[in-house]
Each structure stands twice: as structure tokens, then as C-alpha cells.
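Colleague: Everything below, folded, please.
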Amino acid sequence: MATSRSSKNEVYTSRNENRVYPVNTMTKVPINDHYNQSNDGGFDICGWILIICSCILIAFTSPITVVQEYERAVIFRLGRILQGGAKGPGLFFIVPCVDTIKRVDLRTTTFNVPPQEILTRDSVTVSVDAVVYSRIVDPVKSFRLLDKENNIV
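Modeller: Numbers count the residues shown, from 1 in each chain. All right, here's what the predicted structure looks like:
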């Protein structure tokens, strides 16, 4: 013969009937739910550890810069090119608020010149099409002499 049991937890109402507590039916003791503990709004030790770890993580990861094998980084400190020239490839540190980085691609780039019709000496019209290959050899000079690297040609 099977008997049905009620749920293990019931609800207990306090004397002033403003608060409802869960009660264990086996022992008739209110379950401690820590509602009466006051929270002063301050941080406990776990909160401070979390804040310190996040500050350390931000401080160590923001000044790290990765430059790929095919590019160089020209670092400007307060608007002037940093002494030592271009850096890279690899991983290096910068000062986040003072330094700015401009990456220069050292790969060969191509520019297509639109076809043009040219008249030769013997009055024959010839259509000429050209492709220009360019590559930056010195990244520091390219920033000193030119404002935009695409306007070179």
C-alpha cells in the first residue's frame, strides 16, 4: 500500500505576518536563509581581490602590442617618432596614454592604371594598360615624407 507524502518544505509565517519563511517539515525548524543579515554596501575580501585582479589584468594587457611578420610599427610618443625607428615583428610594450602606433604593411602592393589610348609616330592608335608594383622599404621615412601611403603613386 502506497502512502502519499507532502513536500518536505512548507511555509511558516512569522508572528507579525510580514515575513514568510520556508520550514523543514521533519524538524519544524525554520530554514536559515540569511535574510536578517544587514548589508552595509561595502566590499568583502572577495570583492577586493576581484577588483585588484581586474586592475592588474588591465594594466598588463593594455600596453601589449603584437606586430605581424609582414608589418612594422612606427611608434609616436607625444606626436614625435620614437627614437630607434620602426619596431617589429613581434610582441612589445607601449605606454598606453602617451604612445600611438601606426602599422606599416611591408608587402608588395599593386595599383592598376586604367587603359589609355596613345597615338604613335606612325599615327596608329595603341591601347596601353599598366600595373604598378610598390613596396615600402623604410617605414619611418614613409611617415616623415608622406602623409598617406596610398597617395605615393
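Colleague: phi, psi of S54?
Modeller: phi -70, psi -40 (degrees, to the nearest 10).
Colleague: Over to V66?
Modeller: Torsion angles, degrees, to the nearest 10, at V66: phi -110, psi 130.
Colleague: Hmm, L91 and it touching each other?
Modeller: Yes. Using CB atoms under 8 Å, V66 makes contact with L91 at a distance of 5.4 Å. Where you see a C-beta, it was placed from the backbone N, CA and C, and this is true even at glycine.
Colleague: and the gap between L57 and G85?
Modeller: 31 Å (CB to CB, to the nearest Å).
Colleague: With neighbour numbers in mind, choose between these two.
Modeller: Between L57 and G85, G85 has the larger neighbour count (other CB atoms under 10 Å), namely 13 against 10.
Colleague: Surely the more buried one touches K141?
Modeller: No. Judged on CB under 8 Å, G85 makes no contact with K141 at a distance of 9.6 Å.
Colleague: right, and the secondary structure at the nearest residue in space to I51 that is not next to it in sequence would be what?
Modeller: Using CB to CB, 6 or more residues apart in numbering and skipping residues adjacent in sequence, the residue nearest I51 is F43, 7.2 Å away. Under DSSP: H, G, I helix; E, B strand; the rest coil, the three-state class of F43 is coil.
Colleague: F43: neighbour count?
Modeller: 10.
Colleague: Can you tell me the element the closest residue to F143 other than its chain neighbours falls in?
Modeller: Distances taken as CB to CB, 6+ apart place V74 nearest to F143, at 5.4 Å, with adjacent residues excluded. Using DSSP states H and E, V74 sits in strand 71-77.
Colleague: W48 too?
Modeller: helix 45-61.
Colleague: Check what contacts that helix and list those residues.
Modeller: Applying CB atoms under 8 Å, 6 or more residues apart in numbering, the external contacts of helix 45-61 come out as F43.
Colleague: residues of that helix that come out buried?
Modeller: Buried residues in helix 45-61, counting neighbours by 16 or more other CB atoms under 10 Å, are absent.
Colleague: Please apply the same query to stretch 84-93.
Modeller: Buried residues in stretch 84-93, counted by 16+ other CB under 10 Å: 86-88.
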